[in-house]
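In: Just need the structure, nothing else, for what follows:
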Amino acid sequence: MRNLLVVMIDCLRQDRFSGPGKTAVTPNLDAFYARSLSFENLHSVGSNTTAVMGSWFTGRYPFANGLRSFRDRKFSGEFTTMATLLRDDGYRTVTTVTEVMADATDLLQGFDDIERRDKKKEAIHDGYGARVEAKLAELNRSAQPWFYFVHTCELHADRQCDPRFKHERYGRDFYDRSLSSVDHHLGPIFAAVDWETTAVVVFGDHGDNLIWEPRGEYASMVMNRLRGDGRVSALWRLRDWFYRAGLYTGRKSVLRHNFLFHHDYHLYRFLTHSPVMLAFPGVAARRDHSLLSTVDMLPTLLEYLGVPVPAPVDGVSFAPVLRGETMAASDRSVYQEVVTDFVLKGRDSSQLRIPLLRALVHGDWKFVSSAFDEKIQPELYDLAEDSLEQRNRYAELRDSELVKSLMRSLEAIEQTRPSIVPAIESAAAVGVAA
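Out: Numbers count the residues shown, from 1 in each chain. Okay, the predicted model is just below:
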């Protein structure tokens, strides 16, 4: 039996981790990437932590498990989490979490040892990082196999950075400098791993809006208040006014160049594309470009570990890829949605589980439409030629068989959505980015 360490870097954008847009200094993550199997074509189910991790831990889409937005922190039915399945198979289950994950009790089902942190009081560089190292040392001495989930939140606003990295040589803005800081403090954690007995996953749950990202910490905090702090009622009312005035309809281009949001407002690739890297004993380092979703992580990891995969799941197991096998070409599509409190906070609670936007990715095409507002024009992108999703092809192809096929596939996936939607129990802290 293998041990499993999963490190989630909240708000880690793929284009800031690698490629020409990178300015952060990340020797530890670069070394991990070099030794890992990296899934390069993963599409997160959404652009907020609640939806992504709900799907990660259950293998079900958000509309199935009920974890869809910051308001939805309870399963809509009976769901078995990855931690529960591993615990029942004899694993010790441990986690350290903060912010939205610390509040999502249902999401943490199956963890025997839960550390809930206050982000405002400590970061990886001045508190819990050393505890993770110590916990790994303790777990390594145990004869019992273990699953340790570590949630880092320094890239999430308000961003946190070791003072030693608040310099331009560590990145062009405060996001990149915070990433450099996180990388430095992941070094001792990676050094504490027994690579012969431990399977390690490092991934980002979603990206973030970095338009006008400041260089300094104070300016970053101010920008956080302008972008996403739902506790300031005037700001959510401003966002709601923008929505009513056509932010998502005739002026959609504004969404790409705005200061009103962190994430959880659209399904653009920069918000849903994050690194997913697996360094497993005996698994060769390489790059895989299969179409992947976060719902695939549960079946993939469980099959690799030899733990039975529950039925039903929406995900596909890519364990054969881990074993070095070639999987048959698939004609699958993957689903995405955003059920956002940011612009819909003032709506009746019964409307806050209707996707403002949902998307289908099939091959090189991505189709986006709204289940909430028929005035919102659909979007269609050719990802092979337009990876930044800047040219909406829907108007010219709306009557094509391609669009009709994508619409049929989207409707087929959504037919599994529960017809009865329970009421939202609490409106507390609505609008906080997660």
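
In: Tell me where the stretch 101-250 of the chain has strands.
Out: 113-117, 146-152, 198-203 (DSSP state E, counting those that start in this stretch).

In: how about the CA coordinates for the first one, as PDB?
Out: Just to be clear, that refers to strand 113-117. Provided in PDB are the C-alpha atoms of strand 113-117 (Å, rounded to 0.1, in the frame of the first residue of the first chain):
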ATOM      1  CA  ASP A 113      -7.100  14.500  12.000                       C
ATOM      2  CA  ILE A 114      -8.200  18.000  10.800                       C
ATOM      3  CA  GLU A 115      -6.300  21.200  11.400                       C
ATOM      4  CA  ARG A 116      -8.400  24.300  10.600                       C
ATOM      5  CA  ARG A 117      -6.200  27.300  10.300                       C
END
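
In: Nearest to His266 among the strands of the stretch 101-250 of the chain would be which one?
Out: Proximity to His266 (Cβ to Cβ) singles out strand 198-203 among the strands of the stretch 101-250 of the chain, at 20.8 Å. Placement of C-beta: from N, CA and C, glycine included.

In: Check which helices and strands the closest one sits against.
Out: Packing partners of strand 198-203 (3 or more Cβ pairs under 8 Å, 6 or more residues apart in numbering; DSSP states H and E): strand 3-9, helix 27-35, strand 276-279, helix 297-305.

In: out of the ones you listed, which comes closest to Trp212?
Out: Among those, strand 3-9 comes nearest to Trp212, with 22.3 Å by Cβ to Cβ.

In: Quick one: residues in contact with whichever helix or strand comes after that closest one.
Out: On the C-terminal side of strand 3-9, the closest following helix or strand by DSSP states H and E is helix 14-17. Under the criterion Cβ atoms under 8 Å, 6 or more residues apart in numbering, residues 21-24, 26, 29, 175-176, 179, 204, 207, 210, 270, 273-275 lie in contact with helix 14-17.

In: before we move on, back to that, JSON lines for the strands of the stretch 101-250 of the chain, including distance to Leu356?
Out: Shown next, in JSON lines, are the strands of the stretch 101-250 of the chain (distance: least, Cβ to Cβ, whole Å):
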{"stretch": "strand 113-117", "distance to Leu356": "30"}
{"stretch": "strand 146-152", "distance to Leu356": "26"}
{"stretch": "strand 198-203", "distance to Leu356": "25"}
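
In: ranking these by burial, who's on top?
Out: With neighbours taken as mean count of other Cβ atoms under 10 Å, the strands of the stretch 101-250 of the chain reach their highest mean count in strand 146-152, at a mean of 25.

In: and that one, what does it pack onto?
Out: Right, strand 146-152 is packed against strand 3-9, helix 82-88, strand 92-98, helix 128-140, helix 174-191 by 3+ Cβ pairs under 8 Å, 6+ apart.

In: To Pro299, which of those lies closest?
Out: Among the helices and strands packed on strand 146-152, helix 82-88 sits nearest to Pro299 (Cβ to Cβ), with 9.9 Å.

In: What is that closest one packed up against?
Out: Here helix 82-88 touches helix 49-58, strand 92-98, strand 146-152, helix 297-305, going by 3+ Cβ pairs under 8 Å, 6+ apart.

In: for the ones you listed, which one ends up most surrounded?
Out: helix 49-58 (a mean of 28).

In: So for that helix, mean pLDDT?
Out: Here helix 49-58 scores 95 as its mean pLDDT.

In: Show me what that helix is packed up against.
Out: helix 62-65, helix 82-88, helix 99-103, helix 297-305.

In: Return the alpha-carbon coordinates of it using PDB.
Out: Taking C-alpha atoms only, helix 49-58 is exported to PDB below (Å, rounded to 0.1, in the frame of the first residue of the first chain):
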ATOM      1  CA  THR A  49     -12.600  26.000  -4.500                       C
ATOM      2  CA  THR A  50     -15.900  24.600  -3.200                       C
ATOM      3  CA  ALA A  51     -17.000  23.300  -6.600                       C
ATOM      4  CA  VAL A  52     -13.500  22.000  -7.600                       C
ATOM      5  CA  MET A  53     -12.700  20.200  -4.400                       C
ATOM      6  CA  GLY A  54     -16.200  18.800  -4.100                       C
ATOM      7  CA  SER A  55     -15.700  17.100  -7.500                       C
ATOM      8  CA  TRP A  56     -12.100  16.200  -6.600                       C
ATOM      9  CA  PHE A  57     -13.100  14.300  -3.500                       C
ATOM     10  CA  THR A  58     -16.300  12.700  -4.800                       C
END
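
In: Show me where the stretch 251-400 of the chain dips below the pLDDT cut-off.
Out: Counting by pLDDT under 70, the stretch 251-400 of the chain contains low-confidence ranges at 251-254, 257, 342-350, 352.

In: Please enumerate the strands of it.
Out: Using DSSP E, counting those that start in this stretch, strands in the stretch 251-400 of the chain cover 276-279, 286-288, 292-293, 333-338, 357-362, 365-369, 379-382.

In: wait, which of the ones you listed is closest to Asn224?
Out: It is, among the strands of the stretch 251-400 of the chain and with distance given as Cβ to Cβ, strand 333-338, at 19.8 Å.
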